[in-house]
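**Student:** Provided below are the primary sequence and the corresponding predicted coordinates.
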Amino acid sequence: MKIKKLCQDELLNLLNSKFGIPMKYGTLRNYEKQKLISPPVRGSGYGGKWSEYEPVTVAEAATAWRLIHGKYVGDAEMTKIFSGKLPSLNATAVALARAMFMEKMKESGLMTEEAIRKTNWEDLQELKNYDKGFLNDRTGYQYLVRFIEYIWRQELLEALCQCERIKFG
């Protein structure tokens, strides 16, 4: 079964109605420029210009928006660290986390829920083993980047599960 690609209006409608994310055209274009989402296939013809997005872009856009706006779901330990309010993340940091995630998925050859959960579990164990008493500028930066990538994957999994419940054409 071929999965239907989404036009810009369909993508924004799903984000607004199913995810409760008030995204507009300009935000979507900015997310693409900032490499927060996969670029669409573009073309033009008799009816004018068009863009087609892969359905996974809904999950990517939802994930990026949640991280940038501090609306992601953290675990109890994370929430405790940040005194109950999770921080909003910089778009550059989110784009870096997405790029690292995509590289890992390319290496494994799979972008399945099982592959994402496996790399998340492995990274979580590694993150918990960092000796926070010995974090210097370099290791602190590495820890932070890995942590943001971990959060990206957690949120992407949640958004993908939400997308599973939505019928795509």
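**Tutor:** Okay, I see it. Numbering: from 1, shown residues only.
**Student:** lowest average confidence, helix or strand, in this structure?
**Tutor:** One helix or strand of the chain scores below all others by mean pLDDT, DSSP states H and E: helix 113-129, with a mean of 56.
**Student:** quick one, helices of the chain?
**Tutor:** Using DSSP state H, the helices of the chain run over 8-17, 25-33, 56-68, 76-81, 91-108, 113-129, 137-164.
**Student:** by mean pLDDT, show me the worst of these.
**Tutor:** The weakest mean pLDDT among these belongs to helix 113-129, with a mean of 56.
**Student:** could I get the phi/psi values of S88?
**Tutor:** phi -80, psi 140 (degrees, to the nearest 10).
**Student:** tell me how many other residues crowd it.
**Tutor:** By the criterion of other Cβ atoms under 10 Å, S88 has 14 neighbours. Where C-beta positions appear, they are placed from N, C-alpha and C, glycine not excepted.
**Student:** buried set for stretch 15-22?
**Tutor:** Using 16 or more other Cβ atoms under 10 Å as the test for burial, stretch 15-22 gives L15, F19, I21.
**Student:** now do the contacts for the residue lying closest to the last one once chain neighbours are set aside.
**Tutor:** Of all residues beyond its chain neighbours, the one nearest I21 is L15 (4.5 Å), with distances taken as Cβ to Cβ, 6 or more residues apart in numbering. With contacts taken as Cβ atoms under 8 Å, 6 or more residues apart in numbering, L15 has the following neighbours: I21, M23, V58, A61, A62, W65.
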